[in-house]
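Chemist: sequence first, predicted model second:
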Amino acid sequence: MDSGASSPDILVDISDLHFHRGGRPIFRGVDVRIPKGTVTAIMGPSGTGKTTLLRLIGGQLRPHRGVVRFAGQDVHALGHGALYRLRRSMGMLFQTGALFTHLSVFENVAFPLREHTQLPEPLLRDLVLMKLEAVGLRGARDMMPGELSGGMGRRVALARAIALDPDMIMYDEPFTGQDPISMGALVKLIRTLNDALGLTSVIVSHDVAETARIADLIYVISDGRVVDSGTPQALMESKSEWVRQFMHGLPDGPVPFHYPGPELVSDLLERR
Amino acid sequence: MLGFLARLGATTISSFQRLGRGTFFLARVLTGLHSLLPRPGLVIAQVYSIGVLSLVIIVVSGIFVGAVLALQGYNTLVNFGAEDALGVLVALSLLRELGPVVTALLFAGRAGSALTAEIGLMKTTEQLSGMEMMAVDPLRRVIAPRLLAGFVSMPLLAAMFSFLGIMGAYVVGVGALGLDGGAYWSQMQDAVDFRDDVMNGVIKSLVFGFVASWIAVFEGYDCVPTSEGVSSATTRTVVHTSLAVLGLDFVLTAVMFG
């Protein structure tokens, strides 16, 4: 086991992370430190590899260079068994919810408990109902995933993610495609669960307003690098023109509207 | 010409890469098979899904293939006054060849395609990734039970197919065409050898079951996680399984009876 050199207050320590896919660089030297007990957001435009970063933290992808440490352990130096043991300390909420479509809401939340524990059925039932109560869906226990709205599905997935009482939960675009009520419920839940259960939360999102409401710390990633980090307020007032454009959602700025290409006139006059 | 050679080379390299990935995948699944020992329920559920739910197509096909064999065989044998050998013809055809091969082809269409689509959709909807992040290895929890269930189900389905084929031929040959029932069974009993005919058929169906299940679960697990990717993977399962079964059947027949 690699004890690493991270501070004990840092749960996830990513240093000099390089990753490319099909020859296209996704990360070119990313450094991120996620303190324990905080809600940390990883933000950036679509396609910057935010979800990829979560998969690298969870050990589902391997970096081409650099180290990802979780609780002091180098995630990618672990063997199969040790990596799976480490993952019991992580929960992940996928953008799609990733609920098992052939299992009811109750059985979805019970799944990790059945797989990893030998709890007697009455105790398991109580635990599942408590997790569902925490996300407000105890009454939906017998429904099938296909009968749930998008927001409800994500809350069930959240109940499943906290079933094993992890140290950290990673949220992959939790606010995408949510109506205002579901969005409000999710925003409140993420913050409440983080504080009540003593979790560390990592949110990957490009929804600035919602994320800034609950994040303690934000990392903004673009073009394979961390372009700025700090509290939401600090980033709103960032010296970087690019970060200010992103955080305020301004249509014009350093980010070009047009994808690079030949001039329009030469394109139109080009002979076929 | 150069373009053709380049495409041929690319296709060849891609095929070998797939074969390599499939072999590594199989090795990882096989090394995790022991995790099923304390949980036989996972395999039994899949035997039901893959085997029991395939029974209808196997039963109907078995009866009709046997009936057609009887009609065709009788028409030829009667020219030589050898119609009493119909039972032998039907039994050897079914036990040695048609039972294992046709069952494997039907298996590819019914169960193999369903396996690929199910696993592919689980991948597309991130259920497999979700499982990994819940510290549950999908190769052990999802793939291994299905591979084992396919391997177990195929010889049982092939036995059912051959049995019903022989019964279907009996109904047509003895019931409709007027053959002597005693001659049908006694000639079959004399000519069919347990080790050479029955066991070789069982070995064939075990091999086909293993290959068909391997292709089906690998194609699902390796598919591009889009609706088009799942569709292509499902098609590949049926095509590759059919070709692999027919090719292997020739090799096995040459080794066993050649």
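Modeler: In hand now; what should we look at? Residues are numbered from 1 along each chain as shown, chains lettered A, B, ... in the order given.
Chemist: so which bits of stretch A:68-83 are buried?
Modeler: Under the neighbour-count criterion of 16 or more other Cβ atoms under 10 Å in any protein chain shown, stretch A:68-83 has A:68-73, A:75, A:78, A:83 buried. No exception for glycine: its C-beta is placed from N, CA and C like everyone else's.
Chemist: which residues of chain A fall in helices?
Modeler: Using DSSP state H, the helices of chain A run over A:50-57, A:80-87, A:105-116, A:121-134, A:150-161, A:180-196, A:208-214, A:232-236, A:241-248, A:264-269.
Chemist: may I ask which two of the buried residues of stretch A:68-83 are separated the most?
Modeler: Greatest spatial distance among the buried residues of stretch A:68-83 (Cβ to Cβ): A:G72 and A:L83, at 14.7 Å.
Chemist: per-residue pLDDT, B:A111?
Modeler: Looking at B:A111, its pLDDT reads 94.
Chemist: contact partners for it?
Modeler: If you count contacts by Cβ atoms under 8 Å, 6 or more residues apart in numbering or on different chains, B:A111 has them with B:49-51, B:53-54, B:150, B:153, B:216.
Chemist: among those residues, which one sits closest to chain A?
Modeler: Chain A lies nearest to B:S49 out of those, by Cβ to the nearest Cβ, at 10.5 Å.
Chemist: which residue does the stretch 51-200 of chain B have closest to chain A?
Modeler: B:G130 (3.4 Å).
Chemist: how many neighbours does the closest residue to that residue other than its chain neighbours have?
Modeler: Distance criterion Cβ to Cβ, 6 or more residues apart in numbering or on different chains; nearest residue to B:G130, sequence neighbours excluded, is A:A98 at 3.4 Å. Counted by other Cβ atoms under 10 Å in any protein chain shown, the residues lying close to A:A98 total 27.
Chemist: show me the contacts for A:A98.
Modeler: Contacts of A:A98 by Cβ under 8 Å, 6+ apart are A:157, B:125-127, B:129-130.
Chemist: need the pLDDT of it.
Modeler: At A:A98, pLDDT is 91.
Chemist: just A:G151 next, same as before
Modeler: 85.
Chemist: and it, how many neighbours does it have?
Modeler: 20.
Chemist: residues in contact with residue 193?
Modeler: You didn't say which chain, so I picked chain A. Going by Cβ under 8 Å, 6+ apart, A:L193 touches A:134, A:158, A:162, A:169, A:199, A:201.
Chemist: any stretches of the stretch 151-272 of chain A with poor pLDDT?
Modeler: Residues of the stretch 151-272 of chain A meeting the criterion pLDDT under 70: A:255-257, A:271-272.
Chemist: near chain B, which residues of the stretch 151-272 of chain A are found?
Modeler: Residues of the stretch 151-272 of chain A lying near chain B by Cβ under 8 Å from any Cβ of the partner chain: A:157, A:160, A:164.
Chemist: and the residue of the stretch 51-200 of chain A nearest chain B?
Modeler: Per Cβ to the nearest Cβ, A:A98 is where the stretch 51-200 of chain A lies closest to chain B, at 3.4 Å.
Chemist: measure that residue to A:G91 for me?
Modeler: A:A98 sits 12 Å away from A:G91, taking Cβ to Cβ, to the nearest Å as the criterion.
Chemist: about what we covered before: need the residues of the stretch 151-272 of chain A next to chain B in a markdown table (columns: neighbour count).
Modeler: Shown next, in a markdown table, are those (neighbours: other Cβ atoms under 10 Å in any protein chain shown):
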| residue | neighbour count |
| --- | --- |
| A:A157 | 27 |
| A:R160 | 29 |
| A:L164 | 20 |
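Chemist: which single one of the residues you listed is nearest to B:T234?
Modeler: Closest approach between these and B:T234, by Cβ to Cβ: A:A157, at 27.1 Å.
Chemist: test my guess that B:P155 contacts B:V207.
Modeler: No: B:P155 is beyond contact range of B:V207, at 9.9 Å (criterion: Cβ atoms under 8 Å).
Chemist: ok, the residue of the stretch 51-200 of chain B closest to chain A - contacts?
Modeler: B:G130 neighbours (Cβ under 8 Å, 6+ apart): A:92, A:94, A:98-99, A:157.
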